[in-house]
Every structure is written in C-alpha cells, then in structure tokens.
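Chemist: return atomic coordinates for the entry below.
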Amino acid sequence: MLSIVLFSGCSTMLVEAVDKKHALEYVCIENNPKVIVDDFIPVVENIFHEHGIATDVYDKDGLPKSCKIKMTYTALQTWDITTFLAYAEIHLFKGMNKIGYAEYDMIGKGGLDLSKWSSVKTKMTPVIEKLLAQYEKREITFNKNIYKKEVTKANLTLEEKLVKLKKMKDDSLITDDEYLRKKQQLLSDY
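Modeler: Numbers count the residues shown, from 1 in each chain. From the prediction side, this is the model:
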C-alpha cells in the first residue's frame, strides 16, 4: 500500500473552456518575465496554432490597446534531480471579462511518479485542448500583417496621417487629385 502511495503522483486540471461565440482568431499573449519554464510559451502557442488561432507575445507595456483577446499566464517549476513543470495557469480575457481559464497542478511535487519529468508539451496539451475544446483543429486563416497595419493606421494621429499622405504625394505614389481627395476625407472624418 505504501509503495502505491509513494509511486503515484497526482496532477489535477481545472478548466473553464472558451465558448465558441468568442470566435478566437488572434490572441495577444502578455509576456510574464518571471516565468523561467523555457518552452512553456512555445508549447502553448503551438497548441493554439493547431486550433487555427494566431498568437503574438508582447511585453505588458507593448500590448496593443486594440487587441481583443489577451492571455496572461504563470508557470512554476520545481526540482527533483532536475527541474520540471509543477504548476501552470492561463487566463483568457476579452476586454476586462474573463472568457477562459486553465490550470495544471502537480500535487505534492509528483512524489516518486516518474511522469513528473514529462515534458511541458505532454503536461499542457490535454489542459489547453480542454480550454479550446469548442475550437476544431484547422489552419490559421487570420492575417496578422493586415491586422497590425490596421491597428497601426488606427492609432495614428490626424497630423501623422496628413504627413504620411503628403509624403506619398511627394514620392509620386499618388496623384495630386488623389492627395486632395484623401486629405479632404481625413479632415472631414476628424
């Protein structure tokens, strides 16, 4: 009986799946510099990508205000001969509202269970699969470059837009008529 207790490690998973109504296409991941589990973010991103969800990692100060879905996380490792993932937590937010949550916890540091040294991928895949259960596996169709251009364009001030427009005219990228028409449109939209 004692050997069963010693050799059986126990890990738990707590998940609030993301509802399909949120139509996840792109997730901004807020980098957590305190996390030292090297392959945690690459593993998480790969699983999101398998479900057709594009991702980018941003520092907290660089997180675009226009980002609709944000992910925060923590991951802790512990040591027993070598380091291994012992705890992880993921929160997904749409604006200020939490839309998903996933937690992995290795109870009692795994005891003598050899699976405690399993890879981050082995431990996190079932957790994230449950989190994204309503999202079928598919190719990514979201175009991050178009999104980033639109975000950049939307964040420019009127003055910056006018300067950019003037440069396009000066560089002969647009005609004088196009310049005047676009300038009038910018001013009327303001």
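Chemist: which residues of the chain fall in helices?
Modeler: 2-7, 40-50, 120-131, 144-155, 158-170, 176-189 (DSSP state H).
Chemist: now these as CSV including mean neighbour count and distance to C67?
Modeler: For glycine as for every other residue, the C-beta is placed from the backbone atoms N, C-alpha and C. What follows is the helices of the chain, written out as CSV (neighbours: other CB atoms under 10 Å; distance: least, CB to CB, whole Å):
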stretch, mean neighbour count, distance to C67
helix 2-7, 9, 45
helix 40-50, 19, 14
helix 120-131, 19, 18
helix 144-155, 12, 8
helix 158-170, 13, 21
helix 176-189, 12, 23
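Chemist: so which of those helices gets nearest L63?
Modeler: Closest approach to L63 among those is made by helix 144-155 (11.3 Å; CB to CB).
Chemist: spit out the contact partners of the spatially most central residue of the chain.
Modeler: With distances taken as CA atoms, centre = their mean, I29 lies nearest the centre of the chain, 3.3 Å away. Applying CB atoms under 8 Å, 6 or more residues apart in numbering to I29 gives the contacts I41, V44, E45, T55, D56, V57, Y58, K70, M71, Y73.
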